[in-house]
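Participant: Attaching a predicted model along with its sequence, questions to come.
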Amino acid sequence: MVSIKDIGKLFVFVVVGLGTIIVGSFMIRGTMHMWDNVDDEGKDAGNKNTKK
């Protein structure tokens with residue numbers, strides 16, 4: 001029979017794994033968003049200079 005300790009370790013392993021995947025996906029999403037903003041800022045700055 002499986003002991004409660006083993007079930008606890010498995011539960012913690014699964015929860016930490018899911019948390020890591022969620023945090024990693026947000027980090028990747030944030031990095032991509034930052035890259036998009038850098039491109040947009042460059043375009044906006046160019047447009048503002050041409051309008052003035």
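Facilitator: Right, received. Where do you want to start?

Participant: C-alpha only now, for contacts and for neighbours.
Facilitator: Noted.

Participant: which residues of this structure fall in strands?
Facilitator: Counting by DSSP state E, the chain yields no residue ranges for strands.

Participant: Could you measure from Val14 over to Thr20?
Facilitator: Distance, Val14 to Thr20, by CA to CA, to the nearest Å: 10 Å.

Participant: Any regions of the protein where pLDDT drops low?
Facilitator: Low-confidence segments of the chain, defined by pLDDT under 70: 37-52.

Participant: For Ile22, list the residues it contacts.
Facilitator: Listed by CA atoms under 8 Å, 6 or more residues apart in numbering, Ile22 has no contact partners.

Participant: could you measure it against Met32, distance?
Facilitator: 16 Å.

Participant: Distance of His33 relative to Ile22?
Facilitator: For His33, the distance to Ile22 - CA to CA - is 16 Å.

Participant: Val14 now?
Facilitator: To Ile22, Val14 is 12 Å away according to CA to CA.

Participant: now do Thr31
Facilitator: 14 Å.

Participant: and what of Ile7?
Facilitator: 23 Å.

Participant: list the contacts for Ser25?
Facilitator: So Ser25 contacts nothing (CA under 8 Å, 6+ apart).

Participant: can you do 10 Å?
Facilitator: Contacts for Ser25 were tallied using CA atoms under 10 Å, 6 or more residues apart in numbering; they are Gly19, Thr31.

Participant: what do you get for Thr20?
Facilitator: Val14, Phe26.

Participant: Which residue ranges of this structure form helices?
Facilitator: 4-51 (DSSP state H).
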